[in-house]
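**Student:** attaching a predicted model along with its sequence, questions to come.
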Amino acid sequence: MRVRTSLGTPTASIVCVSMRRSMLTNILENYTRQRHQSTELLIFFHGIDELSRSELSALELLGVRHYTAAASETLGSILNKGFALARGSTIIKWDDDDFYGSFFVDEAEFFLSKESTLVGKGSWFCWMEELDKLFIRFPDGAHREAQTLAGGTLAVHKSLLSSVEFPHQNLGEDQGFIKKAREAGVKPYSCSALNYVQVRRADKDSHAWAVSASEYLSKSVFLSDARDFSICDSGDFASWGIGGYARMFQPYRRPLSIGDFL
């Protein structure tokens, strides 16, 4: 794991809330993978009272700001605290169990400077553990104004927080934030599909959004049998997929079902 060093006030802040200490390694690997050098990480351990000595040492080594939050607190209220504590002008919400490519923070900062005060992924890569395959979700949803964005990819300019906050709830808090932003006149923007892989575990009940594989695949296209996320880890985010991904994935342009892969 590469040790990150950052001098002065960071320009970007990542806020991650986790109820699973087993995901700490994944969070830190995503963080140390980032090429953006002026980034801080804030982790809120939700309902986790104590960390082990080794866990604390890893957080200290990487300069991670970490906090505990009572199990009774809502995810929305914890995110509001984290966003308020963030020192960067770019503030990013991460999930604890997904993959973030090395250019994720660079991409968020780039599109916040050019398109909107709220950006994220309206099209993204997805690894389906149940099928052992890689897909792209909403293949035509990138590089455009978006009604909705993947919750684990939201990035905002700090100025937006004066008028918009997360609703105090545990489910749908990210989409509630987007709705409030739109009501405030913001036009959310969908970046490229690169630099993010949503990891869907076979046990759908382990996710906050317990959608079935069949429903998920109905709006996805198949990419690969290999669990190789390097396909999406790229700095070519400014132009990759402009005009839609349909032409790039033409052979797969039909609704998918689990039966296609059994």
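**Tutor:** Now that the structure is in, tell me what you want to look at.
**Student:** hey, let's count contacts and neighbours off CA atoms from now on
**Tutor:** OK.
**Student:** per-residue pLDDT, residue 117?
**Tutor:** Residue 117 carries a pLDDT value of 98.
**Student:** give me the neighbour count for it.
**Tutor:** 21 (other CA atoms under 10 Å).
**Student:** that one is in contact with residue 161, isn't it?
**Tutor:** No - at 9.9 Å, residue 117 does not count as touching residue 161 under the criterion of CA atoms under 8 Å.
**Student:** residue contacts, residue 162?
**Tutor:** Residues counted as contacts of residue 162 (CA atoms under 8 Å, 6 or more residues apart in numbering): none.
**Student:** now swap in residue 12 and tell me
**Tutor:** Going by CA under 8 Å, 6+ apart, the list of residues near residue 12 reads 38, 39, 40, 87, 88, 89, 90, 91, 92, 105, 109.
**Student:** what are the ranges of the strands in this structure?
**Tutor:** Secondary structure of the chain, counting by DSSP state E: strands at 12-18, 39-46, 65-69, 90-94, 99-100, 118-120, 124-128, 133-137, 144-145, 155-157, 189-190, 196-200, 220-224.
**Student:** of all these, which one is nearest residue 54?
**Tutor:** strand 65-69 (14.2 Å; CA to CA).
**Student:** ok, and what's touching the closest one?
**Tutor:** 40, 41, 42, 43, 44, 45, 46, 47, 48, 49, 59, 78.
**Student:** can you turn the buried part of those into a ChimeraX selection?
**Tutor:** Buried residues within the contacts of strand 65-69, by 16 or more other CA atoms under 10 Å, are selected in ChimeraX with:
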select :40,41,42,43,44,45,46,48,59,78
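**Student:** redo the contacts of strand 65-69 as JSON lines? Include pLDDT.
**Tutor:** What follows is the contacts of strand 65-69, written out as JSON lines (pLDDT from 0 to 100):
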{"residue": "40", "pLDDT": "98"}
{"residue": "41", "pLDDT": "98"}
{"residue": "42", "pLDDT": "98"}
{"residue": "43", "pLDDT": "98"}
{"residue": "44", "pLDDT": "98"}
{"residue": "45", "pLDDT": "98"}
{"residue": "46", "pLDDT": "98"}
{"residue": "47", "pLDDT": "97"}
{"residue": "48", "pLDDT": "94"}
{"residue": "49", "pLDDT": "86"}
{"residue": "59", "pLDDT": "97"}
{"residue": "78", "pLDDT": "98"}
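**Student:** just to revisit the earlier point, among the strands of the chain, which comes closest to residue 171?
**Tutor:** strand 12-18 (13.2 Å).
**Student:** what lines up beside the closest one in the sheet?
**Tutor:** strand 39-46 (parallel), strand 90-94 (parallel) (DSSP bridges).
**Student:** next one: it to chain centre, how far?
**Tutor:** 10 Å (CA atoms, centre = their mean, to the nearest Å).
**Student:** how about stretch 84-99?
**Tutor:** 9 Å.
**Student:** from residue 69, how far out is residue 55?
**Tutor:** 17 Å (CA to CA, to the nearest Å).
**Student:** looking at these two, which is more packed in?
**Tutor:** The neighbour count for residue 55 versus residue 69, taken as other CA under 10 Å, is higher for residue 69 (19 against 14).
**Student:** which residues touch the nearest residue to that one once chain neighbours are set aside?
**Tutor:** Leaving aside its sequence neighbours, residue 69 sits nearest to residue 46 (CA to CA, 6 or more residues apart in numbering; 4.8 Å). The neighbours of residue 46, taking CA under 8 Å, 6+ apart as the test, are 17, 18, 19, 68, 69, 70, 71.
**Student:** and residue 46, how far from residue 74?
**Tutor:** Counting by CA to CA - residue 46 and residue 74 are separated by 9 Å.
**Student:** render the CA-only coordinates of the helix-or-strand element of the chain with minimal mean pLDDT in CSV, please.
**Tutor:** Sorting the helices and strands of the chain by mean pLDDT, DSSP states H and E puts helix 213-217 at the bottom, at a mean of 74. Presented in CSV, the C-alpha positions along helix 213-217 are these (Å, rounded to 0.1, in the frame of the first residue of the first chain):
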residue,chain,number,x,y,z
ALA,A,213,-29.9,-9.7,-11.0
SER,A,214,-32.6,-9.9,-13.7
GLU,A,215,-33.7,-6.4,-13.1
TYR,A,216,-30.2,-5.1,-13.0
LEU,A,217,-29.2,-6.8,-16.3
